[in-house]
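Colleague: Any chance you could fold what I've pasted below:
(chains A and B)
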Amino acid sequence: MSGRAASVTLDGLVGRPIEVEADIVGGLPGTVIVGLPDATVNEARDRCKSAVMNSGVPWPDQRITVNLAPSTLPKTGSHYDLPIAMAILAAQRAVPPEALRGTAFVGELALDGRLRAVPGVLPATLAAAEAGCTHVVVPEVNVPEAELVEGIAVTGVRSLRQLVAMMTGDEPPDDPPVPPLDPPSTQPWGAGERLSGLDLADVAGHEDVRLAVLVAAVGGHHLSMVGPPGVGKTMLAQRLPGLLPDLERSDAIEVSAVHSVAGLLPADVPLLVRPPFLDPHHTASAAAIVGGGSRFVRPGAMSLAHRGVLFLDEAPEFAINVLEALRQPLESGRIVVARAARTVVYPARFQLVLAANPCPCGQGATRGSTCRCSPAMRRRYGEKISGPIRDRIDIRRTLTTPTRPELAETLATGRGSHDLAGLVLAARERQRRRFDGTPWRLNADVPGTELRRSWPVAEDARLLLDRQLHADKLNPRSADRVLRLAWSVADLHQHDRPIADDVRTALSLRSDLPLDAAMRALVVA
Amino acid sequence: MNRRDADLLTLSIAAEPLDAPMRELVRLHGADAVAAACRGESGTPEVPTAWRDRVDLSPVDAVLEAAAAAGARWVTAGRAGWPVALDDLASVDDPGLAPWGLWVRGEGPAEVTRAVSVVGARACTTYGAEIAGDLGADLADRGWTVVSGAAFGIDGCAHRGALAVAGRTVAVLACGVDVAYPQAHANLLDRIAETGWIVSEHPPGAAPLRHRFLTRNRIIAALGAGTVVVEAAPRSGSLNTLRWADRLGRASMAVPGPVLSQQSGGTHLAVRRGEAVLVASADDVAEELDGLGWSDHGASEALTDEARRIHEALAREQGLGIGDLTSVLELPVRSVRAGLAMLERRGCARRGSDGWVVLRGLPG
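Modeller: Residues are numbered from 1 along each chain as shown, chains lettered A, B, ... in the order given. Have a look, this model is predicted:
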C-alpha cells in the first residue's frame, strides 16, 4: 500500500514542489528515506514514528520506504516531517488518501505529535501556490505568514492528532498552542522598531550630508561618507530608512520571504512593510554578508537588506573578499551562492551606504588636523574600497566636525524626517509615473542608454553634461550616473526634467562640492 | 530733541541718503536751511516739491512718535551712541557720504567699537553657511562685534554664529528698523536686538527698496574695522560692500571656496584682482586687523599689574620657575600662575624646557 503527500523544497527563495511517497511492503520492519535526504531529513524517521504513535495511530510493523521526488534534488530541513508522516498515514489508510490531494504540508514534528514552527513558510507557501496546490497545512504559529500568499487556503494545526481528526472528519482535539520559533536574540533590524523615532533633524549641522541622504532616498542612490570618528556618520545612515516610503506589497512579500528563510520573521507581524536596515559589524564573515552555509544556504546581510539599506560602517575595515562580493549585487540586484551540489540565488537589491574614516588614525581631513598618517598609508586605506565599487557610489560626502553654531543649532533648524519623507514620497511618485510600464522603479535602476533615449533632459542641461564629457571631466559611465542623480534632484525640485542647475547639483553631490541655496532650502526648516 | 537732530531727521525723510542734489544743497546752505525749506518754512534754498511732499506726508513729530512705538531712537553724529567709525564716510567723496543720522533699535552697548563686517551671498551654499557661522562665532568670541545685513544666507549665518556664543552683533537694514525684512528673519532680528543693535538710516516703516541695499552697504563697510566676504557670485552685492570697505581704508577680506563653486567666483575674483586679502579663519581676520592697529589682544581681559610685573621679571634666554617668580616678586603662587597663563594666551611668554621665558613685549 502506498500514500503520497505534497511538500516543497527551497532553493534560496525559489521553491520547487516535492512529492513525498511512502510505500508499506512486507519485510523486516524498518523505515528508509531515499531521494538524497541529509541528516536532518533522515532523522525525520524517528520523529515521525514517535509522533505518529503518540497521536494514537499505530506505526506499521513492516518495511516502509519513503521517497522524496524528484530524487536527484538534495533535500534538507525539518519541514519534511509532516509530509512524511502524512504519506505514511495515507499509505496505511489512517487518513483518506484523496483528502491529501492538492494539499502541501510543511512542518516539524515533536515526539509527542505537536507541530513545531519552521523557517521559510512564506516562500514555501508561495512555491506551493505556484505548483498548483490549493491548500497548505502549516504549523499554527506560521499561519500569519502563510496567509500573506493569495490564492491558497491555509490551515494551521497544533498537532498531528488535530490534523488526522480534521482529515477523517472527527472533532479535532483541543491541544495546547505551540510556542513560535525562538525569536533571534539579535534581531538584525527589529522590524524597523530600532530605527523608528530617529529624526534627521536630530543631526546637528551637516546640511550637505542631510541633503545627500535625502537625494539618496529619492532615487535609491548609493552613498559614501568620509569623516573623522564621532562626527555623525552612523547617525546619518540610520536616518536614511526613515525617509524611505513603505514597501509596495510585492516587495514586502519578497523581503518577508528572505527574512522567513533566515528565520528572522516575527511571528506576529509577518509582513515587513518598512525597508530593512542592516548594519553588519566589520568583522562579519563573507558568509554572514553574502549568504552561505554548508547544507542549507542562508541569506546574508546583503539579501536581508533587499529593498532596504545596507550600511557598512568603517567600510575599509571589512575583509577584502566581503567588499569585493558587493560587486555582483550592486550590478545585478541579486546574489548567487554556488556550492558543489547546488546554486542558490537570493535577491539583493539594496541601497549601499558606506562610512569610512579619512585615514587609519581617523583625524585627517579635519581643520586643525593632528593626522600623522603618511600619504602611502592614506592611499592604502582608501584603496581598500576598490575602484569598481567606488565607481558605483553616486553620492560622496566628506564630513567635518560640526562648528559651534551648528552644534548650538542656532544656524538653522533642520527639517524633520516626517517632512522630508513627504518630499521623498512625492519625488518617488513622479518616478513611478515616469517609469510606468517599464521594469524600473527608481532613477538609480534605469540603464544609461535607456535614460538618455527615453527621457531627454533640458537643452542647457545636456550642453553642460556634454561640456563635462568633452573636457574629460567625466567618463561616459560616470556621466550616466550624474544623469540619474540629476533626475533625482529634478524630482525633488518638481522639475519636469533636469535643468542645468539640477545637473550642477548632481555633479556637486558626486564630487563632494558644496550644495546650492535651492538645495539648502529643502532641509532648512 | 534739539533743533539740529530734528533738521537732520527732516533731511533723511525728504530724500534718499545719497541724493546728490541734497548733499550739494546742504554743503552750500547748511542742513538747517535745507531742512527748513523742506518743511516749507522758507523759500531759500529752493527744494524739489517731492522733498516737501515727503516731509508733509510724514512730519518729524509723527515719525518720532512711530519710532518711539517701535523702540527706535534717532542718533546723529557727535551724540552719545553715534558710531564714530561712520564719520570716515564724510571724507570719502566730496560732499561726503555719511548718513544724516541713524535709527537704532536694540539693547546693545552705548557704542559700537571693535566691529568686523561679515557679508556674502543670499543664495549661499552649505559650505558658505557653515563657514559664515563659524566665523561669526569665533570673531564674537574674540570680543568683536559682528556686523552684517540680516539677509538670507551668509548674513543670517554670521549673525547666528555670533549669537550662538552669546556674542554681540549688529544688523544694518535697508528698510526701517521696525520692518522685518526678510520676513523669515523676524525672530533673528528680535534676538539681535536683545544684545546688539539694529540700525538703519531710513525712518521706521520704510520699505526695503532695491537701491537702498547698495547705499546700506557703505554703512556695513564703515562700521567694521574690516569686511569679510564669505561667498559671493561674481556680480554679487557683497562685492559692493567690499569695495566700500576698500574706499574707506578698511581691511577687505575674502574667504576662498572650491574653485568649481559659482558662489565663490566673486570672492576668488576679488582676491585675484587684489581687492581682498584671502582669509580662512578668525585668526586670519584678527591678523589682518592687527595690521591696521586693531589689536586683538586684551580683548576679553585687561592685563593685570601682576602679569606686567611677571613679564618684567622674565628673561628671553634664562627660564624661571614659578617658585623663582613667587620669591622674587613676593606674589602668591596663584597670582603667578594666573599671570603666566594670561601672558601665554597673549603669546608674550612661553614655558620652555627650563622654565618660563619671555617671547615678546607687552602689546599696546
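
Colleague: so who does the closest residue to residue A:231 other than its chain neighbours touch?
Modeller: Spatial nearest neighbour of residue A:231, chain neighbours left out: residue A:399 (4.8 Å); criterion: C-beta to C-beta, 6 or more residues apart in numbering or on different chains. In short, each C-beta sits where N, CA and C put it, glycine included. Going by C-beta atoms under 8 Å, 6 or more residues apart in numbering or on different chains, residue A:399 touches A:206, A:209, A:225-228, A:231-233.

Colleague: Near the spatially closest residue to residue B:99 that is not a sequence neighbour, how many other residues are there?
Modeller: Nearest in space to residue B:99, with sequence neighbours left out and distances taken as C-beta to C-beta, 6+ apart, is residue B:201 at 4.0 Å. Residues within reach of residue B:201, counting by other C-beta atoms under 10 Å in any protein chain shown, total 25.

Colleague: Repeat that for residue A:34.
Modeller: Residue A:34: 12 neighbours (other C-beta under 10 Å).

Colleague: swap in the one 5 residues further on?
Modeller: The local packing count at residue A:39 equals 8, with neighbours defined by other C-beta under 10 Å.

Colleague: Enumerate the residues of chain A near chain B.
Modeller: A:205, A:207-208, A:211, A:367, A:400, A:403-406, A:408, A:410-412, A:508, A:511, A:513-520 (C-beta under 8 Å from any C-beta of the partner chain).

Colleague: In terms of residue numbering, what are the domains of chain B?
Modeller: Using automatic domain parsing, the domain parsing of chain B gives B:1-57, B:105-290, B:298-358.

Colleague: Residue B:9 reaches residue B:73, doesn't it?
Modeller: No. Residue B:9 lies out of contact with residue B:73 (C-beta atoms under 8 Å); the separation is 11.2 Å.

Colleague: Comparing the two, which residue is more hemmed in?
Modeller: Neighbours were counted for residue B:9 and for residue B:73 using other C-beta under 10 Å; residue B:9 has more, 23 against 18.

Colleague: for residue A:163, what are its contacts?
Modeller: A:82, A:86, A:115, A:137, A:157.

Colleague: which residues does the second one contact?
Modeller: Pointing back at residue A:86 there. So residue A:86 contacts A:3, A:5, A:20, A:95, A:100, A:105, A:163 (C-beta under 8 Å, 6+ apart).

Colleague: after the helix or strand harbouring it comes which helix or strand?
Modeller: Assigned by DSSP states H and E, residue A:86 belongs to helix A:81-91. As assigned by DSSP H and E, the chain's next helix or strand after helix A:81-91 is strand A:103-105.

Colleague: which other helices and strands contact that following strand?
Modeller: Where contact means 3 or more C-beta pairs under 8 Å, 6 or more residues apart in numbering or on different chains; DSSP states H and E, strand A:103-105 is packed against strand A:2-11, helix A:81-91, helix A:121-130, strand A:135-139.

Colleague: mind running it again at 6 Å?
Modeller: strand A:2-11, helix A:81-91, strand A:135-139 (3 or more C-beta pairs under 6 Å, 6 or more residues apart in numbering or on different chains; DSSP states H and E).

Colleague: Using JSON lines, please lay out those together with distance to residue B:19 and mean pLDDT.
Modeller: Output for these, formatted as JSON lines (distance: least, C-beta to C-beta, whole Å; pLDDT from 0 to 100):
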{"stretch": "strand A:2-11", "distance to residue B:19": "86", "mean pLDDT": "91"}
{"stretch": "helix A:81-91", "distance to residue B:19": "97", "mean pLDDT": "95"}
{"stretch": "strand A:135-139", "distance to residue B:19": "89", "mean pLDDT": "95"}
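
Colleague: So which of those is the most surrounded?
Modeller: Of all the helices and strands packed on strand A:103-105, helix A:81-91 has the most neighbours on average by mean count of other C-beta atoms under 10 Å in any protein chain shown, namely a mean of 29.

Colleague: now residue A:55: how far from chain B?
Modeller: Per C-beta to the nearest C-beta, to the nearest Å, residue A:55 is found 69 Å from chain B.

Colleague: Residue A:157 too?
Modeller: Noted for residue A:157: a distance of 60 Å to chain B, by C-beta to the nearest C-beta.

Colleague: Nearest residue to that residue in space, please, no chain neighbours.
Modeller: residue A:163 (4.6 Å).

Colleague: Could you do residue A:441 as well?
Modeller: residue A:435 (6.0 Å).

Colleague: try residue A:523
Modeller: residue A:210 (4.8 Å).

Colleague: ok, and that neighbour, which helix or strand is that part of?
Modeller: According to DSSP H and E, residue A:210 maps onto helix A:207-219.

Colleague: as a whole number, average confidence for that helix?
Modeller: Mean pLDDT, helix A:207-219: 94.

Colleague: which secondary structure elements does the helix or strand just after it contact?
Modeller: Note on helix A:207-219: by DSSP H and E, the next helix or strand toward the C-terminus is strand A:223-226. With contacts defined as 3+ C-beta pairs under 6 Å, 6+ apart, strand A:223-226 has these neighbours: strand A:351-356, strand A:395-398.

Colleague: Just say which of those strands is most tucked in.
Modeller: strand A:351-356 (a mean of 24).

Colleague: Mind exporting the C-alpha coordinates of that strand to PDB?
Modeller: The C-alpha coordinates for strand A:351-356 follow below in PDB (Å, rounded to 0.1, in the frame of the first residue of the first chain):
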ATOM      1  CA  GLN A 351      20.900  50.700  -1.200                       C
ATOM      2  CA  LEU A 352      24.600  50.800  -0.100                       C
ATOM      3  CA  VAL A 353      25.800  53.300   2.500                       C
ATOM      4  CA  LEU A 354      29.500  53.300   3.200                       C
ATOM      5  CA  ALA A 355      31.100  55.100   6.000                       C
ATOM      6  CA  ALA A 356      34.900  55.400   6.400                       C
END
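
Colleague: Contact residues of the stretch 51-200 of chain B facing chain A?
Modeller: B:123-127, B:130, B:133-134, B:137, B:157, B:160-161, B:163-164 (C-beta under 6 Å from any C-beta of the partner chain).

Colleague: Considering those, which possesses the most neighbours?
Modeller: Highest count within those by other C-beta under 10 Å belongs to residue B:161, 34 neighbours.

Colleague: pretty sure it contacts residue B:139?
Modeller: No. Counting by C-beta atoms under 6 Å, residue B:161 sits too far from residue B:139 to count as a contact (8.1 Å).

Colleague: CSV please, covering the helices and strands packed on strand A:103-105 and showing distance to residue B:226.
Modeller: Below are those laid out as CSV (distance: least, C-beta to C-beta, whole Å):
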stretch, distance to residue B:226
strand A:2-11, 72
helix A:81-91, 84
strand A:135-139, 77
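
Colleague: if you compare the domains of chain B, which one is most tucked away?
Modeller: Burial of the domains of chain B is given as mean neighbour count (mean count of other C-beta under 10 Å); domain B:105-290 ranks first at a mean of 23.

Colleague: how about the CA coordinates for the longest strand out of those in chain A, as PDB?
Modeller: For chain A, the strand with the greatest residue count under DSSP state E is strand A:14-25. C-alpha atoms of strand A:14-25 as PDB (Å, rounded to 0.1, in the frame of the first residue of the first chain):
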ATOM      1  CA  VAL A  14      12.700  29.700  -5.300                       C
ATOM      2  CA  GLY A  15      10.600  26.700  -4.200                       C
ATOM      3  CA  ARG A  16      10.100  23.500  -6.000                       C
ATOM      4  CA  PRO A  17       7.300  21.000  -5.500                       C
ATOM      5  CA  ILE A  18       8.400  17.800  -3.800                       C
ATOM      6  CA  GLU A  19       6.300  14.700  -3.800                       C
ATOM      7  CA  VAL A  20       6.700  12.500  -0.700                       C
ATOM      8  CA  GLU A  21       5.800   8.900  -1.300                       C
ATOM      9  CA  ALA A  22       5.500   6.300   1.300                       C
ATOM     10  CA  ASP A  23       5.200   2.600   0.500                       C
ATOM     11  CA  ILE A  24       4.500  -0.100   3.100                       C
ATOM     12  CA  VAL A  25       5.600  -3.500   2.000                       C
END
